[in-house]
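*Asks:* Next comes the sequence, and after it the predicted model I'd like to discuss.
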Amino acid sequence: MFNPSAGAFTVAANPITPRIDDAAVRMNDGRVLIACGDAKGPETWKSAEIYDPKANSFSRTGDILDSLYRCHATLLSDGKILLMGVSSFQTKQPEIYDPRTGTFSPAGNLTYEIGEPVLSRLNDGRVLVTANFLTGYPLRTDGLSAEDYDPSTRTFNSIGAVPPERDKYTSTTLKDGSVLIAGGTSGQGPLYPSTALLYCP
């Protein structure tokens with residue numbers, strides 16, 4: 001735990017399951033959902049737990065519907081959480097976590113396969129979903145697939161592609177609602193793109 005007023009770290013409680021490439025999202029009540037990841041195989045892929053900072057403890061919550069690792073998640077306007085990840089190098093069906101019931105449910109179907117999805121919530125409540133690499137079918141040929149997700153209808157809409165193909169980049173929603181995509185590597189050259197992209201919804 002990091003205490004910003006003291007500028008110091010202290011040891012927190014141990015999680016129930018060790019994880020890497022997992023998703024962690026702070027919920028509206030201050031607790032943190034930690035889900036999926038790849039550390040102990042199938043035991044980790046479908047599990048999720050809640051960290052309570054007031055009690056400094058972890059507890060189990062409902063299981064993910066599908067086995068997922070290399071996950072990404074974001075808090076939605078209604079307090080629910082959109083969770084996406086991959087399994088066997090293919091993106092599985094996105095899921096919604098409801099903290100009131102502690103359960104996951106299907107979030108809808110993607111238009112294109114999105115490898116290692118990156119999520120950025122937009123100011124109007126929609127979510128920008130972009131890929132970290134090309135995988136699966138149907139497959140775009142003009143860059144990394146980009147879609148927006150409307151949680152009110154649980155639908156995804158293709159909005160084009162992110163050129164050039166890049167991996168391990170950051171996606172950050174700015175104050176004006178646009179999204180900055182920067183950094184990463186590219187197999188289409190140069191290896192480390194010097195350009196940044198701005199998505200204006």
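*Replies:* Everything's here; your move.

*Asks:* gap between Ser57 and Phe9?
*Replies:* Taking C-beta to C-beta, to the nearest Å as the measure, Ser57 falls 18 Å from Phe9. All C-beta atoms are positioned from the backbone trio N, CA, C, and that covers glycine.

*Asks:* Show me which of these two is the more surrounded one.
*Replies:* Ser57 (14 against 9; other C-beta atoms under 10 Å).

*Asks:* residue contacts, the more buried one?
*Replies:* By C-beta atoms under 8 Å, 6 or more residues apart in numbering, Ser57 lies in contact with Ala13, Tyr51.

*Asks:* Any idea what it is bridged to?
*Replies:* Counting by DSSP bridges, Ser57 is bridged to Asp52.

*Asks:* now Ala161
*Replies:* Bridge pairing for Ala161 - DSSP bridges - gives Ser145.

*Asks:* what sits against the closest residue to Leu83 other than its chain neighbours?
*Replies:* Spatially, and ignoring its direct neighbours in sequence, Leu83 is nearest to Ala73 (4.4 Å; C-beta to C-beta, 6 or more residues apart in numbering). Ala73 makes contacts with Ala23, Ala24, Val25, Leu33, Ala35, Ile81, Leu82, Leu83, Met84, Tyr97, Leu119, as judged by C-beta under 8 Å, 6+ apart.

*Asks:* how about a cut-off of 10 Å?
*Replies:* Contacts for Ala73 (C-beta atoms under 10 Å, 6 or more residues apart in numbering) come out as 22-25, 33-36, 48, 81-85, 94-95, 97, 117, 119.

*Asks:* Only C-alpha atoms, please: export stretch 29-40 in CSV.
*Replies:* What follows is stretch 29-40, C-alpha atoms only, in CSV (Å, rounded to 0.1, in the frame of the first residue of the first chain):
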residue,chain,number,x,y,z
ASP,A,29,-17.3,2.0,-3.2
GLY,A,30,-13.5,2.0,-3.0
ARG,A,31,-13.0,-1.7,-3.2
VAL,A,32,-10.9,-3.2,-6.1
LEU,A,33,-11.9,-6.0,-8.4
ILE,A,34,-8.9,-8.1,-9.4
ALA,A,35,-9.7,-10.7,-12.1
CYS,A,36,-8.2,-13.4,-14.4
GLY,A,37,-4.5,-13.3,-15.3
ASP,A,38,-1.9,-16.0,-16.0
ALA,A,39,0.0,-17.5,-13.1
LYS,A,40,-1.4,-20.8,-12.0
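
*Asks:* Check which residues of it are buried.
*Replies:* Neighbour-count burial for stretch 29-40, counted by 16 or more other C-beta atoms under 10 Å, picks out Arg31, Leu33, Ile34, Ala35, Cys36, Gly37, Asp38.

*Asks:* Can you add secondary structure, pLDDT and distance to Glu147 and give those back as CSV?
*Replies:* CSV is the format used below for those (DSSP: H, G, I helix; E, B strand; the rest coil; pLDDT from 0 to 100; distance: C-beta to C-beta, whole Å):
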residue, secondary structure, pLDDT, distance to Glu147
Arg31, coil, 97, 29
Leu33, strand, 97, 23
Ile34, strand, 95, 25
Ala35, strand, 92, 21
Cys36, coil, 87, 20
Gly37, coil, 82, 24
Asp38, coil, 74, 24
